[in-house]
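any chance you could fold what I've pasted below:
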Amino acid sequence: MPKEVSKTKIEATLERMKGLPKKEKQSFTLREAVHQMGGEISKLLGRGYTYKEISVVLKEQGIEIAPATLKQYFSEAKQRRSGSGRKPRSKGEGSANQKQEGQSGSGHVNSGLSRTQVKALPVPESPQVGQMYYVIGKSLDKVLRLERVEGKTGVFVLSHSPDQAPVTVPLSEIREPK
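Alright, predicted model coming up:
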């Protein structure tokens, strides 16, 4: 038998909820942490430090991150500050068995979504150069940056590995990022 709640009780509860103060976030993903420290990381790079040296400093503080992942997240933070980057994934998104944010064993960015979830995402109507997209097929579970469009195919590159050969994929095999 469903329990009933009076309108007065609902209104009082809503007022109480509206009056609650904002809670400050106490825990962050590696990506979020790097984004928050972006200004200082930029200063260290400007003073001649390498990503490897900065990752050692972070490790000393209990923040373990590979130099390549640090470089990737820092690049995202720079793009985001300049207004051209995509929104980083928030904590809790992706599958439970997703690897820690960063790279899969193949060196590609792990999308964190299952095959079914990626296939269910919309195909972009007009893909934008420079944006990140999920790529289906041989490159499934990879998020790649669109470098250029050639007819009905897109040429993709790993944003953190510009020296790697581009991947050509039919536009019908890419999906919008969440």
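
what strand or helix carries residue 133?
Take DSSP states H and E as the rule and residue 133 turns out to sit in strand 132-135.

can you give me the buried ones in the longest strand along the chain?
Ranked by residue count and defined by DSSP state E, the top strand of the chain is strand 142-150. Under the neighbour-count criterion of 16 or more other C-beta atoms under 10 Å, strand 142-150 has 142-147 buried. Any C-beta I mention is one placed from the backbone N, CA and C, and that applies to glycine too.

point out where this structure drops to low pLDDT.
The chain contains residues with pLDDT under 70 at 1, 82-113, 137-141, 156-164, 178.

show me where it has its helices.
Taking DSSP state H as the test, the helices found in the chain are 7-18, 30-36, 38-46, 51-60, 67-82, 115-120.

now the last one: buried residues?
Same thing as helix 115-120. Buried, per 16+ other C-beta under 10 Å, within helix 115-120: residue 118.

distance from it to the middle of the chain?
Relative to the centre of its chain, helix 115-120 is centred 17 Å away, using C-alpha atoms, centre = their mean, to the nearest Å.

got the CA positions of it in PDB?
Taking C-alpha atoms only, helix 115-120 is exported to PDB below (Å, rounded to 0.1, in the frame of the first residue of the first chain):
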ATOM      1  CA  ARG A 115      30.200  -1.200 -27.600                       C
ATOM      2  CA  THR A 116      26.400  -1.000 -27.200                       C
ATOM      3  CA  GLN A 117      26.500   2.400 -25.600                       C
ATOM      4  CA  VAL A 118      28.800   3.800 -28.300                       C
ATOM      5  CA  LYS A 119      26.600   2.400 -31.100                       C
ATOM      6  CA  ALA A 120      23.500   4.000 -29.600                       C
END
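
and for residue 42, the neighbour number?
Other residues within reach of residue 42, judged by other C-beta atoms under 10 Å, total 14.

re the thing from before, ok, which of the helices of the chain comes nearest residue 152?
Closest to residue 152 of those, according to C-beta to C-beta: helix 115-120, at 19.0 Å.

contacting residues for the closest residue to residue 78 other than its chain neighbours?
Distances taken as C-beta to C-beta, 6 or more residues apart in numbering place residue 38 nearest to residue 78, at 6.9 Å, with adjacent residues excluded. Remark: with contacts taken as C-beta atoms under 8 Å, 6 or more residues apart in numbering, residue 38 is in contact with 74, 77-78, 81.

cool, thanks, talk later.
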